[in-house]
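[1] Here is my input, please return the structure:
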Amino acid sequence: MDNVQNELEINVGHNLAVLEDTVRIRQLPETVLDTLPEQMATGKPEIKTYGLVGFEDVSTVIGIEATFYLIENKYYLNRTQATVAKEIEITHGKIGDLNTADLESRLANPPTAEFRTSENSTEYDLALENYQSKITQDLLVVQKEKPEIFNRLIVKYHPDVDIQMDKTSLDRQARIDADHNKTFEFSDYYKLTTMEMFNLLEGRAVYKTLKQYNFVDSEGNIVEGDNLKNRPELRQVSSKFDTWLKLKQQPNGSQVIEFVGGLRNVESQLVKFNFQDMDDANYVDKLAYHIRKGSEVVVKFPNASGSSNLIVAANPPEGLKIANMEGKVLSPVPFLKIQPEKKNFSRPVVTSSPDRQVKNEESNREVVDNQPSQAQQHTGSQTNGNENSQSPSQGVLQQVRSFFSRNRQVGEDNNNISRKI
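    The predicted structure follows:
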């Protein structure tokens, strides 16, 4: 029994070291490791751990739920659910004697069960009941007088109150929730870091090198179909491919990961722009690295007053997206080093020299002189055996050919024109 326990502890210790490396490579919060050893010791087929990551420059928190699967006595990171929560700002006001800022403070600090003991249970339960009654009463007032503040408070604090809402209120609450809370469960197949998951949830693209697995026959041809694992004559091979990943909204409101092509060389796209320091290869490489990770980068563009800041991000397959610091998307053309030539879609005017005009007039007179009279045309059309006879459509075709034959220097090939006609 002791040997089995020691072997289990050795396996858990080795497996834990591998998972610690995985967590650090994915740049997940290290708090996901806090309860991992004791959960692994249980031998459960699926275990979950949690962690939080905050940003210093913005009021945003990323919540991570990591799921590990037990496969052949070893745990592997299977998937990660990332939730981005942005602080919900509330513009407070007064409704009679009720100050909504005071109401928010009370919602943020409810009575907690941590202070409940056997000695004070009666007093605690009474205080909690009074708290919820007063909170419900005040929220009903805010719901009636300031519905936007009401919905923001509900989304931000999720108080345990029983308040009915109509469709308008529910729709408004759903909008606020969607604007400030985003979540998606990412398979570890994509090998995403916390920052890459955040950027995908923010609607940006991330560049990854992934593996794909195919079954091939003895000649190396890819075989498709069902139950290929059960065919011993086939072997499974892996290959790498590069792609951009984006979250795509489905008609039913759910999201899926989409593979997007284009924008293979970010560096070559960056140097096309007249941003500052584009002649510094190290600086360009650094910008391209962060753009591939899905982040927005800030660059400087020289102007009459010195320079202005712009935001650059990946926008495959089109290229790079340029925006001002307020987030308004701008046309990339004004920032290019070489401006594209303006296309002229007007019809070209062909001028003729005096000699050419004379020749054309003589040729036109010859055509008129050689045309048969109406009587001759009628007679010729009745003589089916006459080898010089032609239908009206053939006459028009010959006239058109004559015209283009005289003006071949304009650039048209009369043979090609006749085929078109």
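[2] ok now stretch 329-336, how far from the chain's centre?
    Distance of stretch 329-336 from its chain centroid, counting by Cα atoms, centre = their mean, to the nearest Å, is 20 Å.
[3] tell me the contacts of F241?
    209-212 (Cβ atoms under 8 Å, 6 or more residues apart in numbering). Any C-beta I mention is one placed from the backbone N, CA and C, and that applies to glycine too.
[4] Likewise for K293?
    193, 195-196, 199, 206-207.
[5] Any figure for the gap between it and G225?
    37 Å (Cβ to Cβ, to the nearest Å).
[6] H290 now?
    42 Å.
[7] Neighbour count: the two, which is higher?
    H290 (17 against 8; other Cβ atoms under 10 Å).
[8] I'd guess that one is in a strand, am I close?
    No: under DSSP: H, G, I helix; E, B strand; the rest coil, H290 sits outside any strand and is assigned helix.
[9] Mind pulling the model confidence for the closest residue to it other than its chain neighbours?
    Leaving aside its chain neighbours, H290 sits nearest to V297 (5.3 Å; criterion: Cβ to Cβ, 6 or more residues apart in numbering). We note a pLDDT of 97 for V297 in this prediction.
[10] Return the set of residues that bridge with V297.
    V312 (DSSP bridges).
[11] residues touching it, list them.
    Contacts of V297 by Cβ under 8 Å, 6+ apart are 287, 290-291, 311-313.
[12] redo that, cut-off 6 Å
    V297 makes contacts with 287, 290, 312, as judged by Cβ atoms under 6 Å, 6 or more residues apart in numbering.
[13] which element is the residue nearest the centre of the chain on?
    Nearest to the mean C-alpha position of the chain, counting by Cα atoms, centre = their mean, stands K246 at 3.7 Å. Per DSSP states H and E: K246 is located in strand 235-249.
[14] mind listing what's buried in stretch 255-275?
    Neighbour-count burial for stretch 255-275 flags 255, 257, 260, 263, 266, 269-270, 273, 275 (criterion: 16 or more other Cβ atoms under 10 Å).
[15] repeat for stretch 19-36
    19, 22-23, 26, 28-29, 32-33, 36.
[16] For the strand or helix carrying R79, buried residues please.
    Element membership for R79 (DSSP H and E) is strand 74-86. Within strand 74-86, the residues that qualify as buried are 75, 77, 80-85, counting by 16+ other Cβ under 10 Å.
[17] from the contacts of K293, which single one is nearest E123?
    Closest to E123 out of the contacts of K293 is M195 (47.2 Å), distances taken as Cβ to Cβ.
[18] Next, the closest one: phi, psi?
    phi -70, psi -40 (degrees, to the nearest 10).
[19] Check the burial of it by counting its neighbours.
    So M195, with other Cβ under 10 Å, has 17 neighbours.
[20] Give me the distance between it and I64.
    With Cβ to Cβ as the criterion, M195 and I64 are 12 Å apart.
[21] Now for D97, how many residues are close by?
    Counted with other Cβ under 10 Å, D97 comes out at 6.
[22] can you give me the strands in the stretch 101-250 of the chain?
    Ranges of strands in the stretch 101-250 of the chain, per DSSP state E, counting those that start in this stretch, are 181-187, 206-216, 222-223, 235-249.
[23] Partner strands of the longest one and their direction?
    It refers to strand 235-249. Strand 235-249 is paired, per DSSP bridges, with strand 206-216 (antiparallel), strand 255-260 (antiparallel).
[24] Looking at the last one now, give me its mean pLDDT.
    Think strand 255-260. 96.
[25] Please renumber the chain so that the first residue is 42 from this point on.
    From this message on, residue numbering opens at 42, which makes the last subject strand 296-301.
[26] Which SSE is immediately downstream of it?
    helix 307-311.
[27] Now that following helix: average pLDDT?
    96.
[28] Show me what it is packed up against.
    Judged by 3 or more Cβ pairs under 6 Å, 6 or more residues apart in numbering; DSSP states H and E, helix 307-311 is in contact with helix 322-333.
[29] what pairs with A364 across the strands?
    Assigned bridge partners for A364, using DSSP bridges, are I352, V370.
[30] Count the neighbours of it for me.
    Neighbour tally, A364, other Cβ under 10 Å: 14.
[31] now R245
    22.
[32] of all the contacts of V338, which comes closest to L167?
    Of the contacts of V338, the one sitting nearest to L167 (Cβ to Cβ) turns out to be H331, at 55.4 Å.
[33] Quick check, pLDDT for the closest one.
    97.
[34] if I look at it, how far off is L60?
    28 Å.
[35] Also K85?
    From K85 to L60 the distance is 15 Å (Cβ to Cβ).
[36] One more: D143?
    46 Å.
[37] export the contacts of K334 to CSV and tack on distance to D207?
    Formatted as CSV, these follow (distance: Cβ to Cβ, whole Å):
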residue, distance to D207
T234, 42
M236, 40
E237, 40
N240, 37
V247, 40
Y248, 45
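[38] which of these lies closest to T209?
    Of all the contacts of K334, T209 sits closest to N240, with 33.5 Å by Cβ to Cβ.
[39] Verify the stated contact: the closest one with G335.
    Yes: using Cβ atoms under 6 Å, N240 makes contact with G335 at a distance of 2.9 Å.
[40] Between the two, which is the more surrounded one?
    Set N240 next to G335 and count neighbours by other Cβ under 10 Å: G335 wins out with 27 against 24.
[41] Nearest residue to K89 in space, please, no chain neighbours.
    T108 (5.3 Å).
[42] Is the one you found in contact with Y91, as I believe?
    No: T108 sits out of contact with Y91 when judged by Cβ under 6 Å, with a separation of 10.6 Å.
[43] Show me which parts of stretch 82-94 are buried, residue by residue.
    88, 90, 92, 94.
[44] can you list these in CSV and add distance to I136 and secondary structure?
    Listed next are these as CSV, based on distance: Cβ to Cβ, whole Å; DSSP: H, G, I helix; E, B strand; the rest coil:
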residue, distance to I136, secondary structure
I88, 48, strand
T90, 43, strand
G92, 39, strand
V94, 37, strand
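[45] With distance to P373 and pLDDT as added columns, please give those in TSV.
    Listed next are the buried residues of stretch 82-94 as TSV, based on distance: Cβ to Cβ, whole Å; pLDDT from 0 to 100:
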residue	distance to P373	pLDDT
I88	48	96
T90	43	96
G92	38	94
V94	32	89
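[46] in the stretch 242-391 of the chain, which ranges drop under the pLDDT threshold?
    384-391 (pLDDT under 70).
[47] Mind doing that once more with 90?
    Filtered on pLDDT under 90, the stretch 242-391 of the chain yields the residue ranges 254, 258-274, 276-277, 279, 293-295, 305, 344-347, 379-391.
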